[in-house]
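J.: Return a 3D structure for these sequence lines:
(one chain, ligands or ions: 1)
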Amino acid sequence: MTDAEFTLDPSLIYLNHAAVAPWPLRTARAVAEFAQENARYGSRDYPRWVHTESTLREQFRTLLNARHSDEIALLKNTSEALSVVAWGLDWQAGDNVVIGDQEFPSNRVVWESLDALGVETRIASLAEHATPEAALLACVDARTRVLSVSSVQYGTGLRMDLATLGNACRERNILFCVDAIQSLGAHRLDVQDCHADFVMADGHKWLLGPEGLAGFYCRREVMPQLALRQYGWHMLAEPGRFDTHARTIAPTARRFECGSPNMLGIHALHASLGLILETGMAEIEQRVLANARLLLAGLAARADRYTLITPVEPGRHAGIVTFRPRTESPEALFERLQQQRVACALRGGGVRFSAHFYTPCEQLHTVLEMLDRR
Ligand SMILES: Cc1ncc(COP(=O)(O)O)c(C=O)c1O
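T.: Okay, here's the model as predicted:
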């Protein structure tokens with residue numbers, strides 16, 4: 001049923017959800033309808049748009065199992081949310097933040113920008129300890145204020161054990177920040193279970209939405225620790241009262257949203273999350289993992305020609321499968337796949353495949369057969 005929502009050109013094999021995903025039909029329709037409504041009626045029905053906006057917050061709450069949608073802000077992207085955290089905290093010179101060495105630039109440059117304040121960014125070599133979690137925790141000391149990690153590493157596809165990290169952070173009074181863009185919509189994430197203080201994810205990857213709109217979870221108890229760096233009408237406690245001079249800031253995560261919401265993106269992402277929640281994260285996770293394991297097994301069976309970069313151990317991968325060819329360069333293989341209409345990416349020192357739950361397994365077999373030819 002949900003598979004009828006995907007109307008990709010049949011000549012295309014789309015294994016690039018870890019970059020920018022295609023939209024489901026209902027999302028394309030929501031955007032077209034919103035455009036028509038704007039052209040015909042302008043913003044006459046704005047209160048309904050605001051209702052869609054609150055529903056989207058509630059959808060994020062459900063996805064993350066947050067206690068309340070007041071803990072959800074709708075921001076521009078993952079990088080903006082990371083910046084809200086990094087530049088909101090009250091740092092002292094000599095404090096440090098711990099990240100891993102496989103992070104996407106957003107989860108590194110934001111922290112490194114704090115060196116202007118005397119804050120050190122410690123970069124753990126994830127492969128140099130028995131587990132990546134042990135590598136991160138080995139870098140922690142009494143001056144560590146934040147541990148920030150992607151739930152799944154964008155290049156290698158390594159999945160982190162968030163509960164272990166979250167527990168360790170809670171015990172040490174360290175804030176735990178999770179960039180979930182490479183897992184939210186593919187894999188379950190429970191902010192209460194893993195003791196996350198902050199979680200952020202843009203909508204254009206596994207959430208099957210447009211670029212430019214992200215969910216940001218900020219645990220209620222830590223919200224006051226983030227000083228505000230942007231100001232405007234929308235973050236006020238009573239945003240509709242333009243004629244008063246009140247400056248009371250919203251007690252909710254809306255305080256991080258300074259001005260007019262991205263209503264077009266909200267309508268689109270609301271439709272995409274509707275599909276994800278209707279399908280159910282348990283089913284999606286199981287199908288994403290089945291697809292990833294089909295690819296991992298297929299590549300392992302071709303070990304004479306391909307080396308896996310993504311770990312095969314259960315619990316250590318999600319939707320991303322990255323590998324390196326032995327007999328040609330990753331660039332040459334990537335080119336060949338592009339010509340054969342396989343959408344994939346060059347990442348993490350190899351070719352990255354990222355199939356979603358609806359990707360037909362016959363297409364994965366077709367791609368594996370392509371890898372046999374040269
Ligand atoms: C782990 C990770 N974080 C952040 C981003 C970028 O996010 P945004 O464009 O929403 O800031 C990406 C994009 O590939 C990513 O893989």
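J.: can we go C-alpha only for contacts and neighbour counts from here?
T.: Noted.
J.: got the residues of the stretch 151-300 of the chain near the ligand?
T.: By the rule CA under 6 Å from any ligand atom, the part of the stretch 151-300 of the chain lying against the ligand is 154, 179, 181-182, 202.
J.: Please repeat the previous calculation with a cut-off of 8 Å.
T.: Residues of the stretch 151-300 of the chain lying close to the ligand by CA under 8 Å from any ligand atom are 151-155, 179-182, 201-204, 211-214.
J.: same question, the stretch 1-150 of the chain
T.: 18-19, 76-80, 103-107, 150.
J.: how much space between residue 330 and residue 352?
T.: 10 Å (CA to CA, to the nearest Å).
J.: Ok, residue 8 next?
T.: 20 Å.
J.: do residue 137 as well
T.: 28 Å.
J.: Who has more neighbours out of those two?
T.: The neighbour comparison of residue 137 against residue 352 (other CA atoms under 10 Å) goes to residue 352, with 29 against 17.
J.: So the more buried one belongs to a helix, correct?
T.: No. Read with DSSP: H, G, I helix; E, B strand; the rest coil, residue 352 is strand and lies in no helix.
J.: so who does it touch?
T.: 16, 155, 320-323, 344-346 (CA atoms under 8 Å, 6 or more residues apart in numbering).
J.: which residue packs closest to it, ignoring adjacent ones?
T.: Once flanking residues are discounted, residue 352 sits nearest to residue 322: 4.2 Å by CA to CA, 6 or more residues apart in numbering.
J.: Now do residue 244, the pLDDT please.
T.: With respect to pLDDT, residue 244 has a value of 86.
J.: Is it within a helix or a strand, and which one?
T.: For residue 244, there is no enclosing helix or strand under DSSP states H and E.
J.: related to what we said a few turns ago, please verify my assumption that the residue nearest to residue 352 contacts residue 153.
T.: No. Using CA atoms under 8 Å, residue 322 is not in contact with residue 153, being 10.8 Å away.
J.: Burial check on the residue nearest to residue 211 when sequence neighbours are not counted, number of neighbours?
T.: Nearest-residue entry for residue 211: residue 204, 4.8 Å, with adjacent residues in sequence omitted and distances by CA to CA, 6+ apart. Residue 204: 24 surrounding residues under other CA under 10 Å.
J.: Now do the helices in the chain.
T.: 25-41, 46-64, 78-86, 106-112, 132-138, 162-172, 263-279, 281-300, 330-339, 361-372 (DSSP state H).
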